[in-house]
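>>> Task: produce atomic coordinates for the following.
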Amino acid sequence: MSLQHYGLPLVVTDSGGKDSAVCRELVRRSGVPFELMHNLTTADAPQTVYYVREQFQKAEQAGISCSINKPYYKGQRITMWSLIPMKMIPPTRTVRYCCEILKESGGTGRFILTGVRWAESRKRRNSRGIYENFVPNGKARAVILNNDNDDTRRLFEACFSRSKHVCNPIIDWSDQDVWEYIRSEKIPMNPLYEMGFYRVGCIGCPMAGKQRYREFQIFPTYERAYRHAFAKMLDLRKKAGRQCDSRIWGNVDAFFRWWMEDPGIPGQYELSFHEDTNEIYYDYL
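Okay, here's the model as predicted:
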């Protein structure tokens with residue numbers, strides 16, 4: 001379908017996690033022409049970065065094209081740590097702008113394959129956040145609010161905002177299915193799993209819940225990076241006159257404690273649409 005629709009090979013997105021590893025192996029065995037793509041979030045653990053680099057080197061030796069997407073926002077290179085001050089709000093379970101900008105920007109104009117699974121949603125049905133997707137339809141603008149791995153995800157999807165089609169081949173696999181396939185096919189895995197991690201996403205991701213305490217214990221540099229980004233964010237909010245509850249927003253330590261406890265958004269927030277960038281902006285009231 002990728003060759004027929006786009007005239008280009010299928011793009012397999014590889015985050016460095018177990019689901020991506022399974023998809024990579026399934027496509028390799030299928031004989032379908034494909035490429036590998038990794039979105040550099042800038043907040044992945046070093047083990048994930050090294051693992052992806054190693055797998056891509058092996059793939060390139062086998063003649064498979066590999067690419068790493070470096071994140072851009074408003075025409076400039078960014079990191080998680082520079083994005084937070086720019087947004088002037090922290091990433092939370094319900095405000096996940098970081099996913100769209102750092103993880104989901106690649107694959108425009110291509111047919112891509114992901115490791116999205118329903119089983120991930122059943123475990124976190126009441127806790128997964130939403131991501132925003134702007135869809136121009138020619139007459140009106142609409143905002144789609146979707147769960148990253150919710151039960152409405154399908155085997156084949158279309159992303160109109162970025163002119164790409166998405167295939168989720170292991171959408172109905174359970175965790176047991178994934179691990180049984182990994183063991184049976186002896187697929188090399190991210191070493192973070194051997195360290196006891198059940199997820200290998202961005203360090204400090206709010207979706208990890210209380211696991212973040214362990215993540216920051218193992219990777220203290222990332223905690224310092226978040227604190228530094230929050231300090232810049234609070235300073236910019238103060239200069240812009242966006243003051244909130246001083247018990248939370250008064251200083252970096254208080255804010256970081258609130259963010260780690262993940263109690264939800266303090267009070268209400270508003271959404272506004274930016275005509276020039278076609279983006280949805282949040283702000284706390």
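>>> So for stretch 104-114, mean pLDDT?
Stretch 104-114 carries an average pLDDT of 85.
>>> Pull the CA coordinates from it and hand them back as PDB.
Below are the C-alpha coordinates for stretch 104-114, written out as PDB (Å, rounded to 0.1, in the frame of the first residue of the first chain):
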ATOM      1  CA  GLU A 104       4.700  12.700  16.300                       C
ATOM      2  CA  SER A 105       6.000  15.200  13.800                       C
ATOM      3  CA  GLY A 106       7.800  12.800  11.600                       C
ATOM      4  CA  GLY A 107       6.400  10.800   8.700                       C
ATOM      5  CA  THR A 108       4.600  13.600   6.800                       C
ATOM      6  CA  GLY A 109       3.500  12.400   3.400                       C
ATOM      7  CA  ARG A 110       4.400   8.800   4.100                       C
ATOM      8  CA  PHE A 111       2.800   5.500   5.100                       C
ATOM      9  CA  ILE A 112       4.000   4.700   8.600                       C
ATOM     10  CA  LEU A 113       3.800   1.700  10.900                       C
ATOM     11  CA  THR A 114       3.600   2.000  14.700                       C
END
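>>> Check which residues of it are buried.
For stretch 104-114, a neighbour-count test (16 or more other Cβ atoms under 10 Å) marks 104-107, 110-114 as buried. (C-beta placed from N, C-alpha, C; glycine too.)
>>> shaky segments in the stretch 101-250 of the chain?
Counting by pLDDT under 70, the stretch 101-250 of the chain has low-confidence residues at 121-164.
>>> any idea where the strands of it begin and end?
With strands called from DSSP state E, counting those that start in this stretch, the stretch 101-250 of the chain shows them at 111-113, 130-136, 141-147, 156-159, 164-167.
>>> count of neighbours near the residue lying closest to residue 18 once chain neighbours are set aside?
Nearest residue to residue 18, sequence neighbours excluded (Cβ to Cβ, 6 or more residues apart in numbering): residue 178, at 5.7 Å. Look at residue 178: counted by other Cβ atoms under 10 Å, it has 20 neighbours.
>>> Residue 178 is in contact with residue 23, isn't it?
No: counting by Cβ atoms under 8 Å, residue 178 does not reach residue 23; the two are 10.0 Å apart.
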